[in-house]
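Asks: I'd like to go over a predicted model; first the sequence, then the structure.
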Amino acid sequence: MMIVVFFLVSTALLILTRSLLQFLRNSSSKGRVPPGSLGVPVIGDSLNFVKALKRNDPWRFYGEKRAKYGPVFKMSLLGSPVVILPAPAGHKLLFGSEEKLVVNSWPVGFKRLLGPGSLTSLTGEDFKRMKKVFMSFLKPEALQRYVPRVSQLSLKHLEDHWEAYAGEEFAIYPAVKSFIFSLACSSFMSLETEEEQLELEEPFAIWTKGLLQLPLNIPGTLFHKALKRREVIHDLLGRLISKRRQELLQGRASETSDMLSVMLSYRNEDGKPACTDAEIKDNLLLLLFAAHDTSSSTLTLSLKFLAENPYWRNQVLQENLAISQEKSGQDGYSLEWDDLRGMKVSWRVLQETLRLQPPAPSGYRKVIQDFEFGDYLIPKGWKACWTVVSHKLPEFFPDPEKFDPSHFEGDSPAPYTYVPFGGGPRMCPGNEYAKMVMLVLLHHLVLRFDWQLADPDEGVTMDPMPMPQNGLNVKLHKRT
């Protein structure tokens, strides 16, 4: 026991010493570094930032510093000095300078939980290689064939899990989250049975809880538990990979049936497999997280906004009624890709939800070469950050605190001011998949149900995505 304690204390002292030396070097950096404060060595603004995220209030955190120091300022997160660059010019610079001035950078905890082979962790040619694999499955042209199946599964979900609660109180978020996870398991790995999906869903739920924790791999901490669940998930995925590889060799599975088959079958120009098994595991885990948590959060919160805004709820209903009437006579019809093109109001509602409740408040890049931004020097070794502060600035979105999908009518928002999925080569590759899933489920949902909030004052927290504090309980009514 004493050896373990000595090791932990020694490791902590080593980290503290290295961070303190880095802090002192950073504090004395020459040049016109932006104003701000690096705070207490090692800790900096980390604790306040995590608290702000859990309150789902990054705007106040960034806004107070912006008001004090101006739109360009420095702070310290997890022992690293960070410069916040504003929209649109700062965002344009970061999104357009990948591998030139900056490289992608994630907090240590995220990197360990997502894995070294994850698209988020890869750089250079490895990143380009993996993104090609992703887009071969996730590009709009490839997604079109999945719309009818997603439509049928959405109908079945509503019939099996919602209709029995008509006239009663119903928690929307758990239901939406469970369905979209099930859909992701089906779309990416062809896991169709409830037993198969639950075997993956239970460790996955604990894994996600570790993403916003301090990266302390000590027994009892949420981060430690998340790392252990990552191992469980990798074991499950490893067995699935072995089984699918045999099915492909025997001709019992299609090379394009799902993301797993695509990743196993995709070849580089030299004819060699594009992905290792370790990379496949890391990226299937990433896809489950990105496609499932983002869509669950956004769709649920859009239903909250629609309940609070009857005008927009009726606009969405009328739009989807028109699509349904075009398919009159088709009992239990399936939507097609072209139907989604007609859901312009529905998509604006989802866009506005993403503006007010984006899945991530910021993104980080490591500076690999000194560069200037305006009057300031951004030193090599620091981190530069884009944020969603621009989502609530009146110069970009009039009356920014108001839920108003007309923000997205006509000309789109000014470039680089609306960044729910990031931007540049690092823009979320699954955004079209998420859009497709949300539009399809929203279509069937609004045609079958009406809802009122059981608790109009229910708040929103972040864990790790924005989510209603109590699951968004509503009074559910079946439309006649």
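Replies: Sure, I can see it. Fair warning: this is a prediction, and the values are worked out from it, not measured in the lab. Numbering: from 1, shown residues only.
Asks: Verify the stated contact: residue 157 with residue 181.
Replies: No: in this structure, residue 157 is not within contact of residue 181 by CB atoms under 8 Å, at 11.4 Å. Every C-beta, even on glycine, is put in place using the N, C-alpha and C of the backbone.
Asks: neighbours of the residue nearest to residue 106 when sequence neighbours are not counted, just the number please.
Replies: With sequence-adjacent residues excluded and distances taken as CB to CB, 6 or more residues apart in numbering, residue 106 is closest to residue 120, at 5.9 Å. By other CB atoms under 10 Å, the residues close to residue 120 number 20.
Asks: Run through the residues that contact residue 120.
Replies: By CB atoms under 8 Å, 6 or more residues apart in numbering, the residues touching residue 120 are 104, 106, 110-111, 114, 286.
Asks: what about residue 381, helix or strand, and which?
Replies: Counting by DSSP states H and E, residue 381 is held by no secondary-structure element, helix or strand.
Asks: quick one: contacts for residue 432?
Replies: 138-140, 143.
Asks: picking up where we left off before, buried subset of the contacts of residue 120?
Replies: Buried by 16 or more other CB atoms under 10 Å: 104, 106, 110, 114, 286, out of the contacts of residue 120.
Asks: Now, those that are in strands?
Replies: Among these, the ones falling in strands (DSSP state E) are residue 104.
Asks: least confident pick among the buried ones among the contacts of residue 120?
Replies: For the buried ones among the contacts of residue 120, the weakest pLDDT value sits at residue 106, with 85.
Asks: ok, residue 352 touching residue 305?
Replies: Yes: using CB under 8 Å as the test, residue 352 is close enough to residue 305 to be in contact (7.3 Å).
Asks: Tell me which stretches of the protein form strands.
Replies: 73-77, 80-84, 102-105, 169-171, 362-367, 371-373, 376-378, 383-387, 449-453, 460-462, 466-468, 473-478.
Asks: The top helix by length along the chain to strand 473-478, inter-axis angle?
Replies: Longest helix in the chain by number of residues (criterion: DSSP state H): helix 277-308. Taking axes from the mean of the first three to the mean of the last three CA atoms, to 10 degrees, helix 277-308 and strand 473-478 form an angle of 80 degrees between their directions.
Asks: check contacts around the residue nearest to residue 286 when sequence neighbours are not counted.
Replies: Nearest non-adjacent residue to residue 286, counting by CB to CB, 6+ apart: residue 118, 4.8 Å away. Going by CB under 8 Å, 6+ apart, residue 118 touches 282-283, 285-286.
Asks: Can you pull the phi/psi pair for residue 118?
Replies: phi -70, psi 150 (degrees, to the nearest 10).
Asks: Check the gap between the closest residue to residue 226 other than its chain neighbours and residue 111 for me.
Replies: Of all residues not flanking residue 226 in the chain, residue 210 sits nearest, at 2.4 Å (CB to CB, 6+ apart). Distance, residue 210 to residue 111, using CB to CB, to the nearest Å: 12 Å.
Asks: and if you look at residue 32?
Replies: 31 Å.
Asks: Now for the closest residue to residue 92 other than its chain neighbours, how many residues are close by?
Replies: Leaving aside its chain neighbours, residue 92 sits nearest to residue 416 (4.8 Å; criterion: CB to CB, 6+ apart). Counted with other CB under 10 Å, residues neighbouring residue 416 total 22.
Asks: got it, and residue 178?
Replies: Residue 178, neighbours per other CB under 10 Å, totals 17.
Asks: Show the low-confidence segments of the stretch 201-350 of the chain, by residue range.
Replies: Within the stretch 201-350 of the chain, the segments meeting pLDDT under 70 span 329-332.
Asks: how far away is residue 370 from residue 380?
Replies: The spacing between residue 370 and residue 380, counted by CB to CB, is 5 Å.
Asks: Could you do residue 286 as well?
Replies: 28 Å.
Asks: ok, now residue 38?
Replies: Taking CB to CB, one finds residue 38 at 16 Å from residue 380.
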